[in-house]
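> just the structure for this:
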Amino acid sequence: MQRKLLVLFSVCLITLLTQAQPKVLQATKTVQPPKIDGNLDDMAWQEAPVATDFIQNFPAYGFPASANTEVKILYDDNAVYIGAYMHDNPALIRRQLTERDSELNANVDYFSVFFDTYNDQQNGFQFSVTATNVQSDGKLTGLSYNANGDYTDKSWDAVWQSKTSIRSDGWVAEMRIPYLSLRFSKNDVQTWGLQFLRYIRRNSESSFWNTVNPNDNGFVNQFGKYGSLLHIDPPLRLSLSPYLSTGIRFVPNENANKGQWLRSGGLDIKYGINESFTLDASIIPDYGQVISDDVVTNLSPYETKFQDNRPFFTEGTELFNKAGLFYSRRIGATPSGYYPVKDLATHTTNYSIVENPSVTQLYNAFKFSGRTQHKLGIGVFNSITAPSYAHVYDNTTGKDSTIGTEPMANYNIIVLDQALKNRSYITFTNTNVIRKGTGRNANVTSIDFAFYDKTNTYSVSGASKYSAIMGYTPYNGSINLITDTISRNGSLYVKPYSGFNNRLKVGKVSGKVQYFLSGNVLSNTYDPNDIGYLATANKVTYTGNISYNQFNPIAHFINYNYSLNVNYIWLYKPYAFSNIDISANAFWLFKNMWNVSLTGGVYPYGQKDYFELRTPGRFLKLPWFYYSYLSGSSDSRKQLFVNYNLEYAKGLILNHPYSRADVALRYRFSNRFTLSMEVDRRHDQGQIGYAFLREANGDPIIGFRSYKDFTTLLDGNYGFAPRMNLSVRLRHYWSNVHYLSFHDVTADGNYTDRAFYPNQDQNFNAFNIDAFFTWDFRPGSRIVVGWKNWLGTDNIINAYTYKYYLNNFQHTFDLPHANELTLRFIYFLDYNQLRHKL
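Numbers count the residues shown, from 1 in each chain. Take a look at the predicted model:
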């Protein structure tokens, strides 16, 4: 007993000492850089000091790592070099081949190095390599860390070298990270933040060189130091990535079923203006080879938000979205006049569509970003989109007509982000959209801030945003706006307007007990949606939260937490009560690596929904209801991995509940082949909402309806080599809306019976296959072969004949499908390599 207490006391003492002062590794500049071959036998490595004595972060925080790790680091005027030796039994090293940036939850060991090159304890870079030499990289911000081992924004891809090898007593990782992929201040003597991570898959063990305490808020602020980098004189940082793409597309019932040849070419440029600032530009960008959107039936009054899969708009954009004002799908979106032209041909026989582009083309886009030696981050983003035109044929006169569907536009973002002491910051952001002609223009300005005390225990954060819309905007019945309108040429337009969004949050951010209070005021005319995304304005939200977090293993649990949350929501104008949402959550992670999360909540006073009716000044009153969620997953180290999410809610509406069952299975057949399948079923037996119908006087009509949707997702990946893989994704989505009754809404939000509207049921199917073969044949250079399949334009399945999921799924294969086959070639050219060869 005394021996156990002595060991525990020693561990606690070591942990306290390592937390008190960050570790420091002295920088060593080399004249002869090592060869990146997975061997650490170069003479240069003999000069470098060793980083060792890693401490566990998970599953047993504070204890020494279960296996020894030794890391050396060198630098010269061209790059930083890392050599890591992970001691282990080679038979126990996990070696699954994954896609790039996909090491999390895969059956593979990996090693990571992190750099905070400005030493501001907020921003940085991560470079990871698995035991099978698959790379992963990302950028760190103060907002990117989460507790699941995902520390960075991995949409950013850099060009760097790595090589691994398996040894008799472990495995080796050797890395070369050129300054082309880093940014740092222009000082003769520099100190960087530095961190190393080793992940041992069989134990789910994460250990760090400098202790990372899960009780403390933040990640970059817990790095060690890489000291005394002297007189770095990097060469010109310039790279070019020209691309060519070609392919063929067949869309049934379009162009007389003839194939459409696809061809494009362009150039991406990365230019390091100096050590600190980089210019990224894309000339004639092409984004054909991206995963299809997960289209759904949207009966809500809020716009569906889709993920952007275009690399230029996801890589390295974390600074531009620090204020949450950048929704990149606005750039190159569907032209605003696309659907009116489509309706013109659909609802009349006088016109036929010759051409109606569904995507706005881009002329160019560039990003300029970096940080000064005084830790001021500067970012400028700009993109110009081409005008869009539709061509229609008048069947009566026999003449062709051209209709402008989207004017030429310029999208711009400017960011100034000042990093302060103790992880604090203050950020200025301005977004601006200018359209050619007399169309709508927009400007949004934001000041965001966060201040932490010296102990990193308490914080105050907030933001103040102001939006201004210039010009006259066609009125579309927007639920967000209650403002003045004007009639012009028989059409209704919204006059120029402006609004604000203010937020303040105060709380305790570290320790076992954490809490916060926050308030958010959105005026009725705040509108950032020209380049941002906001579901709805005109809201005032008060939030309180308290949680208890246990990060150290006890009894049957590795960690667990409990939380209580209250949301109190009002309408801003007029100031009126909307709802109170009270919820509690519990999470447990068991020692067998299974986890369970349970949430229960209630709306005790029901809801006054001011947005569902799509009618300013009107609301729909909903009675009280309760809800519960149960989710969890099995041990992801096993060949078969199960993830589930169950939901149930019930109120007084027809006494019919809402339920959801989402179950995902992943099976690892080998280190090369993994297959996943997810089935997600939702059924709301008593949904009430706007029926997309109105009375003769314009009053909205609501419907009681049974809503069902069902999604099947099949996802497979086969790894041929560390830089070569095949990924296939199949998705089928079905939704069915069956109306039970229709009602009018009274002035006090209640409803009265009215006559039934026949033939209002909806039946919708979406089907997509996305298959991509990717080969990174050299750093930064890639060949991609893609095949996409989707339902054609004639995809209507009768709602009354096909009422169930399986017969809808079967019938989708009887409908015409569109197909697209593409080939894309990208070649990376480094100016310094070219100069050396020439």
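> all contacts plus neighbour counts: C-alpha atoms, from now on.
Will do.
> point out where the stretch 651-800 of the chain drops to low pLDDT.
653-655, 793-795 (pLDDT under 70).
> all strands for it, in order.
658-668, 673-694, 700-721, 724-745, 751-753, 762-778, 781-791 (DSSP state E, counting those that start in this stretch).
> run through the residues that contact residue 554.
The contact partners of residue 554, taken as C-alpha atoms under 8 Å, 6 or more residues apart in numbering, number zero.
> now residue 32
Counting by C-alpha under 8 Å, 6+ apart, residue 32 has contacts residue 44.
> ok so, going back, including mean neighbour count and distance to residue 35, could the strands of the stretch 651-800 of the chain go into TSV?
Output for those, formatted as TSV (neighbours: other C-alpha atoms under 10 Å; distance: least, C-alpha to C-alpha, whole Å):
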stretch	mean neighbour count	distance to residue 35
strand 658-668	18	35
strand 673-694	19	32
strand 700-721	20	22
strand 724-745	20	23
strand 751-753	13	76
strand 762-778	19	16
strand 781-791	20	21
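> let's have these in a markdown table, adding distance to residue 439.
Formatted as a markdown table, the strands of the stretch 651-800 of the chain follow (distance: least, C-alpha to C-alpha, whole Å):
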| stretch | distance to residue 439 |
| --- | --- |
| strand 658-668 | 43 |
| strand 673-694 | 28 |
| strand 700-721 | 30 |
| strand 724-745 | 36 |
| strand 751-753 | 40 |
| strand 762-778 | 34 |
| strand 781-791 | 35 |
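> nearest to residue 436, out of those strands?
strand 673-694 (33.6 Å; C-alpha to C-alpha).
> need the helix or strand of the chain with the lowest average pLDDT.
When each helix and strand of the chain is scored by mean pLDDT, DSSP states H and E, helix 2-20 comes last, with a mean of 47.
> what pairs with the very next helix or strand once past that helix, and is each one parallel or antiparallel?
Scanning forward in sequence from helix 2-20 by DSSP states H and E, the next helix or strand is strand 24-26. Taking DSSP bridges as the criterion, strand 24-26 forms sheet pairs with strand 224-230 (parallel).
> who's in contact with the strand it pairs with?
Residues contacting strand 224-230 (C-alpha under 8 Å, 6+ apart): 22-29, 188-195, 209-210.
> these, buried ones only, as a ChimeraX selection?
Applying 16 or more other C-alpha atoms under 10 Å to the contacts of strand 224-230, the buried members can be selected in ChimeraX as follows:
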select :22,23,24,25,26,27,28,29,190,191,192,193,194,195,209,210
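> follow-up on the earlier one: residue 174: which of the strands of the stretch 651-800 of the chain is closest?
Closest among those, using C-alpha to C-alpha: strand 762-778, at 16.7 Å.
> how about that closest one as PDB, C-alpha atoms only?
Output of strand 762-778 as PDB, limited to C-alpha atoms (Å, rounded to 0.1, in the frame of the first residue of the first chain):
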ATOM      1  CA  GLN A 762     -44.800  15.000 -51.500                       C
ATOM      2  CA  ASN A 763     -42.400  12.200 -52.400                       C
ATOM      3  CA  PHE A 764     -38.700  13.000 -53.100                       C
ATOM      4  CA  ASN A 765     -35.700  10.800 -53.900                       C
ATOM      5  CA  ALA A 766     -32.100  11.700 -54.300                       C
ATOM      6  CA  PHE A 767     -29.400   9.300 -55.500                       C
ATOM      7  CA  ASN A 768     -25.700   9.900 -55.900                       C
ATOM      8  CA  ILE A 769     -22.600   7.800 -56.500                       C
ATOM      9  CA  ASP A 770     -19.200   9.600 -56.100                       C
ATOM     10  CA  ALA A 771     -16.100   7.500 -57.000                       C
ATOM     11  CA  PHE A 772     -12.600   8.900 -57.100                       C
ATOM     12  CA  PHE A 773      -9.200   7.200 -57.800                       C
ATOM     13  CA  THR A 774      -6.500   9.500 -56.400                       C
ATOM     14  CA  TRP A 775      -2.700   9.100 -56.900                       C
ATOM     15  CA  ASP A 776      -0.300  11.600 -55.400                       C
ATOM     16  CA  PHE A 777       2.600  10.600 -57.600                       C
ATOM     17  CA  ARG A 778       4.900  13.200 -56.200                       C
END
